[in-house]
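Asks: Quick one, fold the following:
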Amino acid sequence: MRNRTAIYSILTLIIAVGLFLYQNYSQKNIQSITIDGFNYLPTSTTGQIIQHENYSLSYNELYEQAEWVAWELNKSHLTYDDRRRPYFINDPKVLTQSANYKNFKGSGYDRGHLCPAGDRRFSLDAYNETFYTSNITPQKNDFNAGIWNRLEMKTRQWAKKYNQLYIVTGGVLTKDLKTIGYEDVAVPNYFYKVILDYSSTKPKAIAFLFPHKESNKSLKNFVVSIDEIEQLTTIDFFPNLPDELENRLESSVTTNNWKF
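Replies: Okay, here's the model as predicted:
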């Protein structure tokens, strides 16, 4: 009888300890995440995900461009190496072939980078990778050199301040868009950028949605929820985050935790 009572006591203790550890582990995962071994890639509407050494993308052949490009931007990436601008070339990993750069010639649109070359100056290979045509989209010059560039520079400032960011960007690809070139490269009416700061124990996120035109307004005027961009694009940006954390980050529309 004593042995049975002792066994019950030990089992009860084991169950109690197990529940305690499980609850604390679960809570920790809701509040914090780590980059190691974690897949942050968004979903793809086309199934054609390309992983390069320094960024990933989902190519949409119908619109002849990436529906998203995703990359990490760490404080250590921020160098000012003087790189010679290479020629744009087709992406060798896109099975359906990325649009040729000649589609842009005489179109009146810039070859707008999605993953900026300025984010990848830390090595020659990383810099050159940004000149694959899968990483460009038609952009008006005043937009590309204006508010879009302002956000790219602000993002680099945030990487310097917050240490580690994960960025996803692209054009909103919808039916009946204007096209350019002999391959009918679509010209998006809107562009988005989603930024995740995972360097602290309390991750935060912010998202921007821009009409395809220059603006002198503050970047704050273009902050939207990630949920809104997901509705426009049908892309799930952070499907592998714990649900509670994903829901909180993606529904939020706030600039409070970001220094403008």
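Asks: Show the contacting residues for the most centrally placed residue in the chain.
Replies: Closest residue to the average C-alpha location of the chain: residue 168 at 1.3 Å, with C-alpha atoms, centre = their mean. For residue 168, the contact set (C-beta atoms under 8 Å, 6 or more residues apart in numbering) comprises 42, 68, 69, 70, 193, 194, 237. Yep, even glycine has a C-beta here, placed from its N, CA and C like the rest.
Asks: Check residue 255 too.
Replies: 206, 220, 223.
Asks: what packs against the host helix or strand of the first one?
Replies: Residue 206 belongs to strand 204-211 when elements are defined using DSSP states H and E. Packing contacts for strand 204-211, counted by 3 or more C-beta pairs under 8 Å, 6 or more residues apart in numbering; DSSP states H and E, involve helix 147-162, strand 190-197, strand 223-224, helix 226-233, helix 243-251.
Asks: Show me what that strand pairs with in its sheet, parallel or antiparallel.
Replies: Sheet pairing of strand 204-211 (DSSP bridges) gives strand 190-197 (antiparallel), strand 223-224 (antiparallel).
Asks: Turn these into a markdown table, columns for mean pLDDT and mean neighbour count.
Replies: Putting the strands paired with strand 204-211 into a markdown table (pLDDT from 0 to 100; neighbours: other C-beta atoms under 10 Å) gives the following:
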| stretch | mean pLDDT | mean neighbour count |
| --- | --- | --- |
| strand 190-197 | 97 | 22 |
| strand 223-224 | 98 | 16 |
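Asks: Any chance of TSV for those strands, columns distance to residue 89?
Replies: Formatted as TSV, the strands paired with strand 204-211 follow (distance: least, C-beta to C-beta, whole Å):
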stretch	distance to residue 89
strand 190-197	23
strand 223-224	34
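Asks: May I ask which helix or strand of the protein has the lowest mean pLDDT?
Replies: helix 2-31 (a mean of 43; mean pLDDT, DSSP states H and E).
Asks: Just say helix, strand or coil for residue 142.
Replies: With DSSP: H, G, I helix; E, B strand; the rest coil as the basis, residue 142 sits in helix.
Asks: which residues touch it?
Replies: By C-beta under 8 Å, 6+ apart, the neighbours of residue 142 are 213, 214.
Asks: What of residue 223?
Replies: Taking C-beta under 8 Å, 6+ apart, we find residue 223 in contact with 206, 207, 208, 253, 254, 255.
Asks: repeat that with 10 Å
Replies: 206, 207, 208, 209, 252, 253, 254, 255, 258, 260 (C-beta atoms under 10 Å, 6 or more residues apart in numbering).
Asks: With pLDDT and distance to residue 175 added, can I get those residues in CSV?
Replies: Below are the contacts of residue 223 laid out as CSV (pLDDT from 0 to 100; distance: C-beta to C-beta, whole Å):
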residue, pLDDT, distance to residue 175
206, 98, 29
207, 98, 23
208, 98, 23
209, 98, 18
252, 94, 30
253, 96, 27
254, 93, 32
255, 95, 32
258, 96, 34
260, 94, 35
